[in-house]
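Novice: here is my input, please return the structure:
(one chain, ligands or ions: 2)
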Amino acid sequence: APRIRLSDYRPPNHLVDAVELDIRLEPERTQVRSRLSLRPNPERPGDAPLVLDGEDLEILAIMLDGIPLARSEFVVSDRGLTIAAVPDRPFTLETTVLIDPSANTRLMGLYRSNGVYCTQCEAEGFRRITFFPDRPDVLSVYTTRIEARKSDAPVLLGNGNRSSAGDVPGTDRHFAIWHDPFPKPSYLFALVGGDLGRIVDGFTTQSGRQVRLGIYVEKGKEDRARYAMDALKRSMRWDEEVFGREYDLDVFNIVAVSDFNMGAMENKGLNIFNDRYVLASAETATDHDFASVEAVIAHEYFHNWTGNRITCRDWFQLCLKEGLTVFRDQEFTSDMRSRAVKRIQDVRLLRSHQFVEDSGPLAHPVRPETYREINNFYTATVYEKGAEVIRMLKALLGPDAFARGMNLYFKEHDGRAATVEDFLACFEKASRRDLTQFKLWYSQAGTPELAASVDQRAAEGTLEITFEQSVPATPGQPKKEPMVLPIAMGLVGEDGRDMLPEVKCEPALKNGVFELDRQRATIRFSGLKERAVPSLLRGFSAPVRLVSNLGSDDMLRLGALDSDPFNRWQALHAVMMKVLLDHQSGRSPEGSPTTADLVAALAQVGADEALDPAFRALVLSPPGDTDLTREVGHDVDPDAVHHAVEWLRELLGRQLGSTLEDIYRRHASNEPYSPDATSAAHRALRNAVLSLLVATGGDDATSLAGEHYRRADNMTDRMAGLLALSRLRGPVLDEALEDFYGRFRDDTLVLDKWFTVQAIAPDEDALDRVERLTGHPRFAMSNPNRVRALVGAFASGNPVQFNRKDGRGYAFLADHVLKLDRQNPQLAARLLSSFRSWRVLEPQRRELARRELERVAGMDGLSRDVADIAERSLG
Ligand code: B3K
Ligand code: ZN
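Specialist: Ligands and ions are numbered 1, 2, ... in the order given. Predicted coordinates:
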C-alpha cells in the first residue's frame, strides 16, 4: 500500500458545494443516488481531472450535467472513479450505486447492526456509500432523503434538522428528508434507520434557542439512557459556560448500536454510539461505566465545535480535533467530579498506554508525518498525548492568554478545515509568544526523560535543582532537539507548608512553573530557613519520565504533606515502585525500613477521613504488571513482574489488615445506589480495600469476597466481588460466575463483563478458558464488543498469561487476528497492537513473539490495516 505523506498534501481538484442524497434502504440492495454540485478549485490548475473515491459500489448510472456518461468517459478502479474531461465551470454529477449493508462486516460505511441501519464514515467510510472526494478538506451542505420500509425502519434519522417526512403513496414505505445547513466534510455524514426506542428531552441554549434532544436505543432499554441524557445536558451547559460554545442546530440526536468499531462518533447532529457508552443502570453498569458514559457523551458533544464547526485539513491533523477534544472532556470531568482524582486517573492511563506505545515500535509523533492506513493512528499518542500538549500550552501561556487563543481559533477558523499551524498561530497572536520550539511536541515522538538532581545545603539555606532532558530515539527519528517543558513545582516545608513565598528563586518561577527550554538548566533557591523537599512536576505538568535523586524519606514527606494531591499520590506510588523494583532485582525489601515507612504512610493516608475517598482509593491501588514492566523497561520476565506485584499486594493486605478492615466497615452504605461522584468514591475506596484484603488469600479472603458478591445491590460491588473471587479461584467463584451468567444471560453487553473477568484472571488456565469461551453461544467474532471483552481483554489485560513462556498466548492472538482480518480489518489491527511492547521481553519470549508477528506479516491477502501494524511492529 502506498505511503501517504504530510509533505505531499495538495488541495482537492474540485470542491463540492452541495450534496443531495437519496438513499433507499434495503438489507442487501440499498440504492444510493447522489447529486453533487461541483466546481473547479480555484487553487488548482484548470484542466485537473475529477477524482472521486469509491469502494465496494456497484455502479448503476453516472450523469454529468444531466447527460449519461459513456463507458469511455470515466475510469473505475477498486479505489474510485476518475473523469478526465470535466467542465472548467460549476457542474453537477449524479451517480446511482447499489450497496449491500448486510454484507458489510467491516462496519465502515453503511451497515446493519442488530437489524438497525447505521453508518460509520470516519475516517474513509463515506466512499463505501457513494462516489465522493472523501477527504476532510472538502466541505459541503448535505440534504439527505432516506426511504425505507415502515415496518423495517420506523425511525429514520440524518444530520441536521428534519425538513420533511411522510409516506410513499401506494407502498409500505416512508421517507424523511434531513438538511444540514453547516458545511461539513464527508466523514461527519451519518444516517440511521431502525425500530428503536427513544427518550426525549430539551435544552435551551444561552441565547434562548430551543434544542430537541433524543437518545435512541434498543426497545425496552430506554430507562438505561437517562444518565446519558443528563450527561448530555450538563455537557451542553458546560461548553457554554467554560468555552463560550453554543449548540447550533434545532435537534441533537444520539443513537446507540451494538456493533461498533470504537467508542462513539461525533457525526453532525447525529452522534452514533457503541451502546456500552450510552446504556447504564445501577444493575448493569459500574461506577466506572457511568463515568465513561459521561465522558464519552461529553467528548462527542464537544466535537461539535472542535472537529465539526472547525475540522481538519487532512488526517495528519487528527490531533487538532482529538487531542483538543480529549483535553476538553478531561476538563469537563474535572469540573463535574474531583479534579485531583481525574488527573491521577488520566496520568495512569497515559503511562500505561501512551508511554508504552511511545517507547515501542509503533511510536509516532502527535502529528504523524506519514501513514499507510489512517485508522491505525487513532492512538493514545494522538488522543492522550495530544491532550497533554494542549494542557502544557495552557500552563505556559496562562489561563487568560489560553482563553484568548481559543476564542481567536473559534472565530477565525469557523466553517473551515484547519491545521496545527493555524491553531498555534492563534495562540501566538493571543500571547505574543513564539511557539516554534513548543511545536516540537507535535513532531518529535518519544517520551522525554527529565532528570532532576537536587542539591540542598542546609547550613547555607540554599537548594539547587539541575534539570536535564533527553528525548529517546524513535522509529525514523534518531536525533531529537530539546523541547520546552513546563515544570510546575513547589517547596514543601517540614509542616507541609509551601515555602516558595518565603524564599528567593533564580530564575523566578512564572505561576509556580519553571520552563526548561534547553537540554540542561539549574534553578537556585536561597534563604531557606529549614530543610525543604522540592515537589516537582506538580499535577504532572509535562508528559515526561521524571527521575530525581530524592530519597524515599523525602518522597514519603511529599506523600504525607504535599499540598498538590497529584504529587502526593505520585510520591507514594513512586515508593511502591521502588520497593517493587527492589523485589524484582532480588533484594528482599520485606523487612526494610523503606517498606515499613511505606506501610505506615499508606495506613495514614488510607485512614484519613478528611481526604476524598476516591483519592484514598487510588493511593491504595498499587502499581500493576503493566506499570512495573514499563519501569523495568528491558529483558522483562512477565512471571517475575507478576510475582512482585502480587507479593506487594499480599504484603499490604497483611500489614495494613486492621486499617483496611476498619475502612471496609466504615464505608459500607445503606443508601440506595446513586452513580454520583461522591457515592462512587466510597465504593471505590471500599473496593480497593477489598482487593488488598483478599490478596492475603485463604478462607477468610474467600468468604469476604463471596459475601461482597452476594450482598451487592449494584454492578460496581458485584464486579468488585467477582474480580476478587477470580483471583482466589475455587467453588465460590464458580457459583458466582454461574449466578452472574444467570442474571444477565440475555444481556450480552453486560455479559461482556463476565467474559472479561474470566479472560483477565491470571491463573494458568486462563488461555484454555478463553479458548473455550470463544466457542460460547453468546460469543461472536462478528461483534467488536465481544471480541474486545474476551480476546482483547486477554491480550492486553492479562500480561502474565498472554506472555506465557510456551508462546501459546501469542499464537492464539495471531490466529484470531488472521481470522478476524477477513471480516473486520480495523478491529484485527487493534488486536494485533497488543504486541506493541514485545521488544522489552526477555530473549525467549521476544523470539516467540517475533515469530508470531512474522507469521502474520507473511500471510497473503492481509488487509492494509493488519499489514501496517505487523510490519511496523517488526520494523
Ligand atoms: N472521531 C471518532 C473516532 C473515529 C475512529 C475512526 N477509525 C470518535 C472520537 O474520537 O470521538
Ligand atoms: Zn474524538
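
Novice: what segments of the stretch 301-450 of the chain are helices?
Specialist: 318-336, 339-349, 356-358, 380, 386-397, 399-413, 420-431, 440-443 (DSSP state H, counting those that start in this stretch).

Novice: pull out the buried positions in the first one.
Specialist: If I follow you right, that is helix 318-336. For helix 318-336, the neighbour count (16 or more other C-beta atoms under 10 Å) marks 318-333, 336 as buried. For the C-beta atoms, the positions are set from N, CA and C on the backbone; glycine is no exception.

Novice: near ligand 1, from those?
Specialist: Residues of the buried residues of helix 318-336 in contact with ligand 1 (C-beta under 6 Å from any ligand atom): residue 322.

Novice: thinking again about what came up before, nearest to ligand 2, out of the helices of the stretch 301-450 of the chain?
Specialist: When the helices of the stretch 301-450 of the chain are ranked by proximity to ligand 2, the top entry is helix 318-336, at 4.8 Å, counting by C-beta to the ion.

Novice: any chance of JSON lines for the helices of the stretch 301-450 of the chain, columns distance to residue 4 and mean pLDDT?
Specialist: Formatted as JSON lines, the helices of the stretch 301-450 of the chain follow (distance: least, C-beta to C-beta, whole Å; pLDDT from 0 to 100):
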{"stretch": "helix 318-336", "distance to residue 4": "13", "mean pLDDT": "99"}
{"stretch": "helix 339-349", "distance to residue 4": "29", "mean pLDDT": "98"}
{"stretch": "helix 356-358", "distance to residue 4": "20", "mean pLDDT": "98"}
{"stretch": "helix 380", "distance to residue 4": "21", "mean pLDDT": "98"}
{"stretch": "helix 386-397", "distance to residue 4": "19", "mean pLDDT": "98"}
{"stretch": "helix 399-413", "distance to residue 4": "24", "mean pLDDT": "98"}
{"stretch": "helix 420-431", "distance to residue 4": "17", "mean pLDDT": "99"}
{"stretch": "helix 440-443", "distance to residue 4": "17", "mean pLDDT": "99"}
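
Novice: now render the ones you listed as JSON lines, adding distance to residue 563.
Specialist: Converted to JSON lines, the helices of the stretch 301-450 of the chain look like this (distance: least, C-beta to C-beta, whole Å):
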{"stretch": "helix 318-336", "distance to residue 563": "18"}
{"stretch": "helix 339-349", "distance to residue 563": "11"}
{"stretch": "helix 356-358", "distance to residue 563": "30"}
{"stretch": "helix 380", "distance to residue 563": "30"}
{"stretch": "helix 386-397", "distance to residue 563": "17"}
{"stretch": "helix 399-413", "distance to residue 563": "19"}
{"stretch": "helix 420-431", "distance to residue 563": "28"}
{"stretch": "helix 440-443", "distance to residue 563": "28"}
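
Novice: the buried residues of helix 318-336 also near ligand 2: which ones?
Specialist: By C-beta under 5 Å from the ion, the members of these lying near ligand 2 are 322, 325.

Novice: returning to what we had before: quick one: which of the helices of the stretch 301-450 of the chain is nearest residue 548?
Specialist: Each of the helices of the stretch 301-450 of the chain was scored for nearness to residue 548 using C-beta to C-beta, and the closest is helix 339-349 (16.7 Å).

Novice: for the closest one, name the packing helices and strands.
Specialist: For helix 339-349, the helices and strands in contact under the criterion 3 or more C-beta pairs under 8 Å, 6 or more residues apart in numbering; DSSP states H and E are helix 318-336, helix 565-584, helix 613-619.

Novice: with residue 256 as the reference, measure out to residue 41.
Specialist: Separation of residue 41 from residue 256 (C-beta to C-beta, to the nearest Å): 39 Å.

Novice: hang on, the earlier thing: go through the helices and strands packed on helix 339-349 and name the closest to residue 728.
Specialist: Counting by C-beta to C-beta, and looking across all of these, nearest comes helix 613-619 at 20.9 Å.

Novice: what about whichever helix or strand comes after that closest one, average pLDDT?
Specialist: Per DSSP states H and E, the first helix or strand lying C-terminal to helix 613-619 is helix 625-632. Averaging pLDDT along helix 625-632 yields 98.

Novice: nearest residue to residue 335 other than its sequence neighbours?
Specialist: Excluding its sequence neighbours, the residue lying closest to residue 335 (C-beta to C-beta, 6 or more residues apart in numbering) is residue 238, at 6.6 Å.

Novice: tell me which element that neighbour is part of?
Specialist: Taking DSSP H and E as the definition, residue 238 sits inside helix 226-243.

Novice: quick one: that helix to chain centroid distance?
Specialist: 20 Å (C-alpha atoms, centre = their mean, to the nearest Å).

Novice: buried residues in it?
Specialist: Those buried within helix 226-243 under the rule 16+ other C-beta under 10 Å are 227, 228, 229, 231, 232, 233, 234, 235, 236, 238, 239, 243.

Novice: any idea which of these is closest to ligand 2?
Specialist: Of those, the one sitting nearest to ligand 2 (C-beta to the ion) turns out to be residue 235, at 13.3 Å.

Novice: is whatever residue of the stretch 601-750 of the chain ends up closest to ligand 1 in a helix, a strand, or coil?
Specialist: Nearest residue of the stretch 601-750 of the chain to ligand 1, counting by C-beta to the nearest ligand atom: residue 749, 19.1 Å away. Secondary structure for residue 749, judged by DSSP: H, G, I helix; E, B strand; the rest coil, is helix.
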